[in-house]
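[1] Just the structure for this:
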Amino acid sequence: MQTFTIVFLIALFLSSAVQMWLSIRQMRHVLKNRSAVPNEFTDKITLEEHQKAADYTITKGAFGRFELFAGLFILLFWLYGGGLNWLDNFFRSYEWGPIYTGVAVILGFSFIGSLIDLPASLYRTFVIEEKFGFNKSTLATIFSDMFKGALLGLALGAPLLALILWLMQSAGDLWWIYAWAVLSGFSLLMMWAYPKFIAPIFNKFSALEEGETLDRIESLLTRTGFNSNGVFVMDGSRRSSHGNAYFTGFGKNKRIVFFDTLLESLSPTQIEAVLAHELGHFKHKHVIKGLIVSLSMTFIGFAILAHLMKQQWFFSGLGVENSSTYMALLLFMLASPAFTFLLGPIMSWWSRKHEFEADAFAAEQSSAKELISSLVSLYRENASTLTPDPLYSAFYDSHPPASIRIAHLKQHA
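    The predicted structure follows:
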């Protein structure tokens, strides 16, 4: 067994073991606190609602541990069980040339992966989400989304992949800089195009109707100096009863989007507070900072890949017989999560810091009290646990735990 094989397997099993340990900690902590609502929520959340959130969290966690184990087994099969070698040899037999063969191998891998993931996806939707009253999807909706996603992947992803593989093949030692520039440009283009051209393929968007909610939103946008290309309502209830709101777009093509389920569960003053929080992310330039970090990590990733693709031990150490540019790209995508796993808690900490800053902005521009009441309502409606394990939350959660976040808001109130 080669040195790199040993290093990779140690990293893979260690990261998997940590994930399993954290998931078990989360389950035990939530179960331990299931019998009583935390003191700060006793007048807002009933015991029945609290226990539903606990059971929902525990159920999702149990299935997540099964998926972790299954995913580990599938990855080992692809790498050391001959899966990637078989797929590579199958498409090589057509003698299409390295670029077309590479596109076929990577798209074929993605297609097979989607088929393998389909039963788990259906179970999450039609068993877990259905059991707790969240699912609104039908099989027709699920398969329609898959079909549309596959067509988009072919129309947009295949040409981009072919261009990157061509650069890897033909652009010399600095190919990775050109490939990074192409991928960065494509990402910015998709951020701009998504709200107007892509999102409507999957959901219906309608302008928010005249009334108190729209009046409050327009007043908030005016006093914060935020320019939007419209305030829209999305038919999120077609798939789930979970509520949400988000900003999308780039430059002048920005949109504010509310799920219809959110508008049904919150008052106009609460919606204004939620929107003020989202505006806080823009005022503190969190979106731009996140984009810079993402592009920087992609830049570093391409630089590392440029070195690894020249090393035969990289291919053989991951169980692949024939070295190629496209196989280097695919192997890098499969192997890198095992080595970057510990970046997760750093990114989570950074995200939680941004959430505190956005909450502070919302407290200044609207009402901390209304934001607290809207958050409690969202915790209730989405069955979010009020008692996550502190270590699990620090590792994974992009938002602060409910009690800490609300205590922070009360200081601003």
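[2] Convert the helix or strand harbouring residue 199 to PDB, retaining C-alpha atoms only.
    If you go by DSSP states H and E, residue 199 is part of helix 199-202. Taking Å, rounded to 0.1, in the frame of the first residue of the first chain, the C-alpha atoms of helix 199-202 are listed here in PDB:
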ATOM      1  CA  ALA A 199     -34.800  30.200 -10.600                       C
ATOM      2  CA  PRO A 200     -38.100  30.700 -12.600                       C
ATOM      3  CA  ILE A 201     -37.500  27.300 -14.200                       C
ATOM      4  CA  PHE A 202     -38.100  25.600 -10.900                       C
END
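[3] which helices and strands sit right next to the helix or strand just after that helix?
    Later in the chain than helix 199-202, the nearest helix or strand by DSSP H and E is strand 205-207. If you count contacts as 3 or more Cβ pairs under 8 Å, 6 or more residues apart in numbering; DSSP states H and E, strand 205-207 packs onto strand 231-234. In this view, the C-beta of every residue, glycine as well, is placed from N, C-alpha and C.
[4] The strand it packs on - what's its average pLDDT?
    In this model, strand 231-234 has an average pLDDT of 89.
[5] Identify all contacting residues around that strand.
    When contacts are defined by Cβ atoms under 8 Å, 6 or more residues apart in numbering, strand 231-234 is touched by residues 199, 203-208, 214, 217-218, 255-260, 263.
[6] Kindly report the same for stretch 313-329.
    2-5, 8, 79-82, 84-85, 88-89, 92, 98-99, 101-103, 105-106, 164-165, 168-169, 305, 308-309, 312, 331, 334-335.
[7] Can you tell me which of those are buried?
    4-5, 8, 79, 84-85, 88, 99, 101-103, 105-106, 164-165, 168, 305, 308-309, 331, 335 (16 or more other Cβ atoms under 10 Å).
[8] Please narrow the residues you listed to those residing in helices.
    Judged by DSSP state H, helices contain the following of the buried ones among the contacts of stretch 313-329: 4-5, 8, 79, 84-85, 88, 99, 101-103, 105-106, 164-165, 168, 305, 308, 331, 335.
[9] can you give me how far the least confident helix or strand in the chain by mean pLDDT is from the chain middle?
    Every helix and strand in the chain was compared by mean pLDDT, DSSP states H and E; the lowest is strand 245-248, with a mean of 78. A distance of 14 Å separates the centroid of the chain from that of strand 245-248, by Cα atoms, centre = their mean, to the nearest Å.
[10] buried ones in the next helix-or-strand element following that strand?
    Downstream of strand 245-248, the first helix or strand assigned by DSSP H and E is strand 255-259. Across strand 255-259, burial judged by 16+ other Cβ under 10 Å covers 255, 256, 257, 258, 259.
[11] How many neighbouring residues does residue 398 have?
    By other Cβ atoms under 10 Å, 12 other residues sit near residue 398.
[12] swap that for residue 209, sorry
    Residue 209 has 10 neighbours, counted by other Cβ under 10 Å.
[13] what does the one 10 residues further on give?
    By other Cβ under 10 Å, 12 other residues sit near residue 219.
[14] list the buried ones in whichever strand or helix holds it?
    In the assignment (DSSP H and E), residue 219 maps to helix 212-224. For helix 212-224, the neighbour count (16+ other Cβ under 10 Å) marks 213, 216, 217, 220, 221, 224 as buried.
[15] Contact partners for the fifth one?
    For residue 221, the contact set (Cβ under 8 Å, 6+ apart) comprises 227, 228, 279.
[16] Can you lay out these as JSON lines showing neighbour count and distance to residue 240?
    What follows is those, written out as JSON lines (neighbours: other Cβ atoms under 10 Å; distance: Cβ to Cβ, whole Å):
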{"residue": "227", "neighbour count": "8", "distance to residue 240": "30"}
{"residue": "228", "neighbour count": "18", "distance to residue 240": "25"}
{"residue": "279", "neighbour count": "23", "distance to residue 240": "25"}
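[17] my read: residue 205 touches residue 256, true?
    No - at 10.9 Å, residue 205 does not count as touching residue 256 under the criterion of Cβ atoms under 8 Å.
[18] Low-confidence stretches in the stretch 251-400 of the chain?
    In the predicted model, the stretch 251-400 of the chain carries pLDDT under 70 at residues 251-252.
[19] Mind doing that once more with 80?
    Residues of the stretch 251-400 of the chain that meet the criterion pLDDT under 80 lie in 251-254.
[20] picking that back up, same list as before, the buried residues of helix 212-224 that is, but in JSON lines and with distance to residue 36 and pLDDT included.
    As requested, those are exported to JSON lines (distance: Cβ to Cβ, whole Å; pLDDT from 0 to 100):
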{"residue": "213", "distance to residue 36": "36", "pLDDT": "90"}
{"residue": "216", "distance to residue 36": "37", "pLDDT": "92"}
{"residue": "217", "distance to residue 36": "38", "pLDDT": "90"}
{"residue": "220", "distance to residue 36": "37", "pLDDT": "90"}
{"residue": "221", "distance to residue 36": "42", "pLDDT": "88"}
{"residue": "224", "distance to residue 36": "40", "pLDDT": "86"}
